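> from the sequence below, what's the structure:
(chains A and B)
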Amino acid sequence: MIAGKIQSTEDLRYETFRKKEIVVVIVSFLLFLLSSAFVGLSPHNFLELPKMTKLFEFPNLSLLPRLLQASLETLAIAYVSTFMATVVSLFLGILAAKNLTPHVIVYYIARTVIMIARTIPDIIWGLLLIAAVGLGAVQGVFAIAIHSTGMLGRFFAEAIEEIDPRPLEALEIAGASYSQKIVYGIIPQVLPAYINYTLYMFDHNVRAAIVLGMFGIGGLGFEFLIKLRLFEYDDVFAILLAIFVLLFAVERLSAYMRGKVMG
Amino acid sequence: MPPIIRVENLRKTWSGNTVLDGITFDVGEGEIVAIIGPSGVGKTTLLRCIASLERPDSGKIYFKGKNITKNGEYTKKRIGMIFQEFNLIPRLTVLMNVLTGRLGYTSKVASLLGIFSKEDIEIAVNNIRRVRLHNKINEKVSKLSGGERQRVGIARALTQEPDVILADEPISNLDPKTGEKILSDLVRISKEDDLTVIMSLHQINYAKKFADRIIGLNKGRIVFDGYPEALTDDVIRRIYT
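Here you go, the predicted structure:
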């Protein structure tokens, strides 16, 4: 039996693994070797990884209470930006859904806005805003909000395009207006997906707020960078502990709430 | 007085297939009309044209003497429809689904917040009572059986306070016993309210039992139009060949 080769016994043709699948595996491995050479990855690099443990110092637990404010700031940046993104992308999603857009031109404009907002990472939005306006937590809020609007806008548009159109016919016959059709025919159908995506987005945005913090936006990320620069590793690991607890709690909470929505 | 619905020389082609090939008939006020014929013969298309959900290729449709072929706005609310697949919103409750029948009457902004007038709610509740679903009024539709769902569909159509109810294969997704009960309720309520009903049906025996008049379609044309008593076995054979 030879993989990737169509064979036959009497009048039955068969193949085991398909040729295409084998090619995909080989090509991805070759691409890995090529890319590794490009970035200069060699086996001894792997042996250097344990060096990270040399940094370790027992976390300075007395720092934790003072990290509360930074943690709240990170959470607040994530919450405000997710909230704004959810509201804006709800409308943007409607305009960018083929079955609901008021006009084909509006559709393309909305799709383009979503595409630009989404493809440019939040960190880059953040750096652009800092360059234009100056440092501040608000720049982080807008940066994350813009990127999230793109992400959610696309999800929402797709969720709307997948709805069952039949209830809308009943609303049409009852004389419902465009906005009534959205509230009674579309939103109830897409609500579970909306809540799901929004919770996922919040989870993602807490991480983004930490990373953006390092660029001077504030919160836990900023504290981390300062202590790292000062080589105060007991403080660095206290901050890492706080980041871990915060992200873990947000992730669990988000998973719990998604379970509630789906159940 | 003009007939409540007049269909004149209606034609509709779906990708080369002539589904309606010159359909003409009048329906008088309060008539219960059953449309029968083999599957794919255009019963659904005919009803959807009357409901302004499809545009015919040619021909005219009049509602109370007014040409509505190209002006569906006029008939909104006044023509209700019951669907084969119910077309309800499963995540909403029975009451909310039925209340959507009032949307054409309510003030827009308030209705977007789920605020309905007392009269609207009374109309909806009364219709839910009439289809005997009042003990499930706050249940989500997703929790209901097929028969119960179609009762919600009927209550919603009634809540539009229409003059005409179109029913597109209203019971073909239900078991025969449930289907017969629902059909008899629909006909009883329509008679009580003097509503005109045009329904497409699979089952000839139900058409004979519940309709005042039967229209038989075959190959896009009307091959029978008369009282149920006139629907002899010979005629039935003609419709279904």
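> what is the neighbour count of residue 174?
All of this refers to chain A. By other Cβ atoms under 10 Å in any protein chain shown, the residues close to residue A:174 number 26. Just so you know, the C-beta spots here come from the backbone N, C-alpha and C atoms, and that holds for glycine as well.
> switch to chain B, that's the one I care about
Neighbourhood size, residue B:174 [other Cβ under 10 Å]: 20.
> now do it against residue B:145, distance only.
9 Å (Cβ to Cβ, to the nearest Å).
> ditto for residue B:79
Relative to residue B:145, and taking Cβ to Cβ, residue B:79 is found at 27 Å.
> so between these two, which is more surrounded?
Between residue B:79 and residue B:145, counting by other Cβ under 10 Å, residue B:79 is the more crowded of the two (27 against 11).
> show me where chain A has strands.
Secondary structure of chain A by DSSP state E: the strands cover A:7-9, A:12-14.
> the last one pairs with which strands, parallel or anti?
This means strand A:12-14. Neighbouring strands of strand A:12-14 in its sheet, by DSSP bridges, are strand A:7-9 (antiparallel).
> which parts of chain B sit against chain A?
Counting by Cβ under 8 Å from any Cβ of the partner chain, the residues of chain B close to chain A are B:51-53, B:76-77, B:79-81, B:83, B:85, B:87-89, B:91-92, B:96, B:100-105, B:108, B:111-112, B:153, B:156, B:160.
> so for the residue of the stretch 151-263 of chain A found nearest chain B, what's the nearest residue that isn't a sequence neighbour?
Relative to chain B, the nearest point of the stretch 151-263 of chain A is residue A:175 (2.4 Å; Cβ to the nearest Cβ). With Cβ to Cβ, 6 or more residues apart in numbering or on different chains as the criterion, residue A:175 has its nearest non-adjacent residue at 2.4 Å, and that residue is residue B:104.
> so who does that neighbour touch?
By Cβ atoms under 8 Å, 6 or more residues apart in numbering or on different chains, residue B:104 lies in contact with A:174, A:175, A:176, B:76, B:77, B:160.
> mind giving me the domain split of the chain?
I'll assume chain A. A:7-47, A:62-262 (automatic domain parsing).
> oops, chain B please
Annotated domains of chain B cover B:1-78+B:164-172+B:195-241, B:85-161 [automatic domain parsing].
> any regions of chain B where pLDDT drops low?
B:1, B:72 (pLDDT under 70).
> give me the most central residue, chain A.
For chain A, the residue sitting closest to the mean C-alpha position, by Cα atoms, centre = their mean, is residue A:204 at 5.0 Å.
> residue contacts, it?
residue A:148.
> repeat that with 7 Å
By Cβ atoms under 7 Å, 6 or more residues apart in numbering or on different chains, the contact list for residue A:204 is empty.
> now, which of the residues of chain B next to chain A lie within helices?
With helices defined by DSSP state H, the entries of the residues of chain B next to chain A inside them are B:96, B:108, B:111, B:112, B:153, B:156.
> quick one: residues contacting the second one.
The one in question is residue B:108. Per Cβ under 7 Å, 6+ apart, neighbours of residue B:108: A:177, A:179, A:180.
> just residue A:66 next, same as before
Per Cβ under 7 Å, 6+ apart, neighbours of residue A:66: none.
> for chain B, see how far away it is.
To chain B, residue A:66 is 45 Å away according to Cβ to the nearest Cβ, to the nearest Å.
> how about the residues of chain A by chain B?
Applying Cβ under 7 Å from any Cβ of the partner chain, one finds that chain A approaches chain B through A:166-167, A:169-171, A:173-177, A:179-180, A:183-185, A:188-189.
> can you tell me which of those end up in helices?
Within those, residues falling in helices by DSSP H are A:166, A:167, A:169, A:170, A:171, A:173, A:179, A:180, A:188, A:189.
> buried residues in the helix or strand where residue B:10 lies?
Element membership of residue B:10, judged by DSSP states H and E, is strand B:5-14. For strand B:5-14, burial by neighbour count (16 or more other Cβ atoms under 10 Å in any protein chain shown) applies to B:5, B:6, B:7, B:8, B:10, B:11, B:12.
> and for stretch B:155-175?
For stretch B:155-175, the neighbour count (16+ other Cβ under 10 Å) marks B:155-171, B:173-174 as buried.
> can you check stretch B:229-241 too?
B:231, B:236, B:239.
> stretch B:137-145 too?
Residues of stretch B:137-145 classed as buried by neighbour count (16+ other Cβ under 10 Å): B:137, B:140, B:141, B:144.
> between these, which is closest to residue A:43?
residue B:140 (59.6 Å; Cβ to Cβ).
> the closest one pairs with what?
With DSSP bridges as the rule, residue B:140 is bridged to residue B:93.
> and residue A:263, what's its pLDDT?
Reported pLDDT at residue A:263 in the predicted model: 61.
> residues touching the residue lying closest to residue A:222 once chain neighbours are set aside, list them.
Leaving aside its sequence neighbours, residue A:222 sits nearest to residue A:213 (Cβ to Cβ, 6+ apart; 4.4 Å). Under the criterion of Cβ under 7 Å, 6+ apart, the neighbours of residue A:213 are A:74, A:219, A:220, A:221, A:222.
> ok, those residues vs residue B:178, which is closest?
The nearest member of those to residue B:178, counting by Cβ to Cβ, is residue A:74 at 57.2 Å.
> what about the residue in chain B that chain A sits nearest to? Give its phi and psi, please.
The minimum distance from chain B to chain A, using Cβ to the nearest Cβ, falls at residue B:104 (2.4 Å). Dihedral angles phi and psi of residue B:104 (degrees, to the nearest 10) take the values phi -70, psi -10.
> gap between it and residue B:159?
10 Å.
> just checking, residue B:5 touches residue B:47?
No - using Cβ atoms under 7 Å, residue B:5 makes no contact with residue B:47, being 10.8 Å away.
> any common contacting residues for the two?
residue B:198.
> count of neighbours near residue B:62?
When neighbours are counted by other Cβ under 10 Å, residue B:62 registers 17.
> strands of chain B, residue ranges please.
Under DSSP E, chain B gives strands at B:5-14, B:17-27, B:32-36, B:58-63, B:66-67, B:79-82, B:164-168, B:196-200, B:213-218, B:221-226.
> what lines up beside the longest one in the sheet?
Same thing as strand B:17-27. Strand B:17-27 sits in its sheet next to strand B:5-14 (antiparallel), going by DSSP bridges.
> what helices or strands is the longest helix seen in chain B leaning on?
What stands out as the longest helix in chain B, according to DSSP H, is helix B:176-192. The elements that helix B:176-192 packs onto, with contact taken as 3 or more Cβ pairs under 7 Å, 6 or more residues apart in numbering or on different chains; DSSP states H and E, are helix B:146-159, helix B:204-210.
> using PDB, write down the CA coordinates of the shortest one.
Put plainly, it is helix B:204-210. Taking Å, rounded to 0.1, in the frame of the first residue of the first chain, the C-alpha atoms of helix B:204-210 are listed here in PDB:
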ATOM      1  CA  ILE B 204     -57.400  17.200   0.000                       C
ATOM      2  CA  ASN B 205     -59.600  15.800   2.700                       C
ATOM      3  CA  TYR B 206     -58.900  18.900   4.900                       C
ATOM      4  CA  ALA B 207     -59.500  21.200   2.000                       C
ATOM      5  CA  LYS B 208     -62.900  19.600   1.500                       C
ATOM      6  CA  LYS B 209     -63.700  19.700   5.200                       C
ATOM      7  CA  PHE B 210     -62.700  23.300   6.000                       C
END
